[in-house]
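S.K.: I'd like to go over a predicted model; first the sequence, then the structure.
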There are 2 protein chains.
Amino acid sequence: MATIKDIAAKLNVSTSTVSKGLNNAPDISESMRQQILDTAVELGYTKKNYSKKLKKKIGIFFENIDYYLDDDFGYDIILGFKQAAFRENWEVEVVPLSHGLQKKRSYDTFMMKYNFAGAMICGFALDDPWMQDLETTRVPTVLFDNYLSENPHLGSVGTDSFEGIELAIRHLVSLGHEKIAYLAGPEDSYIAQHRTDAYKKSMRMHHLFADPELIAHDRFVYESAKPYTKRFLARGVTAILCGNDLMAMGVIDECRQFGYSVPGDISVIGYDDVPASEKNDPALTTVRQDRIMIGKSGYYILHALINGVPLSRNLIRPTLIVRSSTAEA
Amino acid sequence: MATIKDIAAKLNVSTSTVSKGLNNAPDISESMRQQILDTAVELGYTKKNYSKKLKKKIGIFFENIDYYLDDDFGYDIILGFKQAAFRENWEVEVVPLSHGLQKKRSYDTFMMKYNFAGAMICGFALDDPWMQDLETTRVPTVLFDNYLSENPHLGSVGTDSFEGIELAIRHLVSLGHEKIAYLAGPEDSYIAQHRTDAYKKSMRMHHLFADPELIAHDRFVYESAKPYTKRFLARGVTAILCGNDLMAMGVIDECRQFGYSVPGDISVIGYDDVPASEKNDPALTTVRQDRIMIGKSGYYILHALINGVPLSRNLIRPTLIVRSSTAEA
């Protein structure tokens, strides 16, 4: 169990400063207070008189997303969610969901039985059994990268695909690229559809032709690059934008197979900025989804829903991380 | 100045219950606590030891929207904003903005000089002088019904036009209407563009033709009905959807001019649910923007921005209020 000393050591400040931060004392700076609170959660610190005040807990639920290791996609989402919740004295419980569990208990029964005041759900697909329960639930719930209409107790958070894809296309255009292909996620994915619309809109905004022949849909995996990269290259593209980083890594390797260098001949951009992007050869230029901020935004929207405010669609801003997989056309 | 007694009298509960609500005591129900807090703000109650804890204030700024009278559009937005802020001990100041004021002081200077930690801005147009300052400000700011890209300190809130227009079209379709015109707001308005896109999308979803001849753009005022209603009627529409309630009231009066009854011959739907809609003859069927919830959502998004979370676009759910201006085709 982490102590005040551990937090002080990590931040290289005195224990009395840490104590002030945890106790909301007025005589330290706001940014120091934020760092102390975030570090407290990161190190697993729990303060006794915080715990005493706890009345209820909220959950963060995962399906199809790993979160246990610190380079798993879900890890930082949980961290951000906990950091935001910690400020307002909520207990947070992380629950892995399976289809089996969902079939055994309805969503509302589960939430009541385990005393959850609300939850953020990550990684759900349309065929998850609870999706139907969510249409009518009265338990405040936030979906990450998914959306259901008309239930005022449900909200969604995600990254703004339009802004993210526009940042990527604008970067490519500034490098002189015009023939830009898009290797998109599966057609039945809510988020893949959004990003494909965003690609078309952004190409139009830059007066470029979003040739249907230069768009392909497949699963969000490394292997999806294989069937399409050769076709894109044959059509003379100079840049390939991808629906996520894994696909982009696959595209880079395929380009090499056919004797094209990245970024010498072809520029490649990913989406997500997973931890492996930076270590890739070449390091991947990508649209960053800040997972800490996804977690925090999930908490803030859940907090509003718990207070009866029907926030539905909510987006956070992405940033473009320029590394070594893009260059002049 | 309102007292605990006033709150108790208004809610018909004891003063000790009110005191428990204000002090977050565990032995009253959550819904009673919420009512007490909301009523406290509504009556202008300020608690001494709340005031002592205040460190900073946030603002809610208005331009082009009246808010002083309780049937003004802005009144409930302010009330909701204050109700949400009260729970977290923020002082709230309401500021009317003019172009003159904005030209005299830059946004950042104004915010620093008057010690605002952030603000919600309602009623801004693209030509407001501060719009340019907002592109680069680092002061957490929420825009109502407006949006600027790429600045992580800026967020926006509004009602989900897609869901609102879809509720209206679905209602008309269920009554047998197929030829549905849309009298939209001005083409250069962010929100009018959204609602027009929503109309086209919703018509397509119901396999109806969004005839460009049945869409007209004009200002969000009563008088905009005059130039277009006759044209719509001549083309044989059975329903007219309007960009706001004032336009809908104008359309109803124009229909009568030409001998059509509403809803006997023509169904009319507004947007907003301003206080006058209910008193209109016939009472207006309209898409409700809950102004209390707009104010509250503005606070929650501002709260997230102040905590460094870059929430950008945020929408709340509308509801359809069915009254007497719609009937079977």
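M.R.: The structure has been received and is ready for your questions. Keep in mind that this is a model prediction, so the values were computed, not measured.
S.K.: how many other residues sit next to residue A:114?
M.R.: Neighbours of residue A:114 under the rule other Cβ atoms under 10 Å in any protein chain shown: 13. No exception for glycine: its C-beta is placed from N, CA and C like everyone else's.
S.K.: could you list every residue that touches it?
M.R.: A:59, A:93 (Cβ atoms under 8 Å, 6 or more residues apart in numbering or on different chains).
S.K.: Swap in 10 Å and give it another go.
M.R.: Contact partners of residue A:114, counting by Cβ atoms under 10 Å, 6 or more residues apart in numbering or on different chains, are A:57, A:59, A:93, A:95, A:105.
S.K.: What does the pLDDT read for the nearest residue to the fourth one once chain neighbours are set aside?
M.R.: The reference is to residue A:95. Spatial nearest neighbour of residue A:95, chain neighbours left out: residue A:61 (4.8 Å); criterion: Cβ to Cβ, 6 or more residues apart in numbering or on different chains. Looking at residue A:61, its pLDDT is 97.
S.K.: Which strand or helix spans residue A:293?
M.R.: helix A:291-306 (DSSP states H and E).
S.K.: Whatever helix or strand comes next after that helix pairs with which strands, and in what direction?
M.R.: Moving toward the C-terminus from helix A:291-306, the next helix or strand (DSSP H and E) is strand A:311-316. Strand A:311-316 sits in its sheet next to strand A:154-159 (parallel), strand B:311-316 (antiparallel), going by DSSP bridges.
S.K.: on that earlier part again, bridging residues for the residue nearest to residue A:95?
M.R.: As for beta bridges, residue A:61 partners with residue A:95, residue A:121 under DSSP bridges.
S.K.: what residues are up against it?
M.R.: The contact partners of residue A:61, by Cβ under 10 Å, 6+ apart, come to A:93-97, A:101-102, A:107, A:110, A:116, A:119-124, A:130, A:141, A:144.
S.K.: ok, of those residues, which come out buried?
M.R.: Buried members of those, scored by 16 or more other Cβ atoms under 10 Å in any protein chain shown, are A:97, A:102, A:107, A:110, A:116, A:119-124, A:130, A:141, A:144.
S.K.: Where strands are concerned, which of those residues count?
M.R.: Here DSSP state E is the test, and these give A:116, A:119-122, A:141, A:144 as lying in strands.
S.K.: Take those residues and write them to JSON lines, including distance to residue A:185.
M.R.: Output for these, formatted as JSON lines (distance: Cβ to Cβ, whole Å):
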{"residue": "A:116", "distance to residue A:185": "30"}
{"residue": "A:119", "distance to residue A:185": "25"}
{"residue": "A:120", "distance to residue A:185": "22"}
{"residue": "A:121", "distance to residue A:185": "19"}
{"residue": "A:122", "distance to residue A:185": "16"}
{"residue": "A:141", "distance to residue A:185": "24"}
{"residue": "A:144", "distance to residue A:185": "15"}
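S.K.: Pull the most distant pair out of those.
M.R.: With Cβ to Cβ as the measure, no two of those lie farther apart than A:116 and A:144, at 16.4 Å.
S.K.: Show the contacting residues for residue A:316.
M.R.: A:157-160, A:163, A:289-290, A:293-294, A:296-298, B:152, B:155, B:304, B:309-314.
S.K.: how near is it to residue B:203?
M.R.: Residue A:316 sits 31 Å away from residue B:203, taking Cβ to Cβ, to the nearest Å as the criterion.
S.K.: cool, residue A:114 as well?
M.R.: Residue A:114 is 44 Å from residue B:203, by Cβ to Cβ.
S.K.: do the same with residue A:8
M.R.: As defined by Cβ to Cβ, residue A:8 lies at a distance of 62 Å from residue B:203.
S.K.: Give me the below-cutoff pLDDT ranges for chain A.
M.R.: Along chain A, segments meeting pLDDT under 70 span A:47-55.
S.K.: Let's see that with 80 instead.
M.R.: A:1, A:23-26, A:30, A:44, A:46-56, A:126 (pLDDT under 80).
S.K.: That one: helices as residue ranges?
M.R.: Counting by DSSP state H, one finds helices in chain A at the ranges A:4-11, A:15-22, A:30-42, A:48-53, A:73-86, A:99-104, A:107-113, A:130-136, A:161-174, A:190-205, A:225-234, A:245-257, A:275-279, A:291-306.
S.K.: Residue A:322 is nearest to which of those helices?
M.R.: Closest to residue A:322 of those is helix A:161-174 (Cβ to Cβ; 6.6 Å).
S.K.: Which residues of the stretch 101-250 of chain A lie near chain B?
M.R.: A:117, A:149-157, A:159-160, A:162-163, A:166-167 (Cβ under 10 Å from any Cβ of the partner chain).
S.K.: Looking at these, which is nearest residue B:73?
M.R.: Looking at those and their distance to residue B:73, the nearest is residue A:152, at 21.6 Å (Cβ to Cβ).
S.K.: Need phi/psi at the closest one.
M.R.: phi -70, psi -10 (degrees, to the nearest 10).
S.K.: how far away is the residue lying closest to it once chain neighbours are set aside from residue B:160?
M.R.: Among residues not flanking residue A:152 along the chain, residue A:310 sits closest, at 3.8 Å (Cβ to Cβ, 6+ apart). To residue B:160, residue A:310 is 9 Å away according to Cβ to Cβ.
S.K.: One more: residue A:284?
M.R.: From residue A:284 to residue B:160 the distance is 34 Å (Cβ to Cβ).
S.K.: Between the two, tell me which one has more neighbours.
M.R.: Applying other Cβ under 10 Å to residue A:284 and residue B:160 shows that residue A:284 carries more neighbours, namely 29 against 23.
S.K.: Now do the contacts for the closest residue to that one other than its chain neighbours.
M.R.: Nearest residue to residue A:284, sequence neighbours excluded (Cβ to Cβ, 6+ apart): residue A:277, at 4.0 Å. Going by Cβ under 10 Å, 6+ apart, residue A:277 touches A:244-246, A:248-249, A:270-271, A:283-286, A:288, A:321, A:323, A:325.
S.K.: Pull the contacting residues for residue A:265.
M.R.: When contacts are counted by Cβ under 10 Å, 6+ apart, residue A:265 touches A:233, A:238, A:255, A:258-259, A:327, A:329.
S.K.: Relative to residue A:250, how far out is it?
M.R.: Residue A:265 is 17 Å from residue A:250, by Cβ to Cβ.
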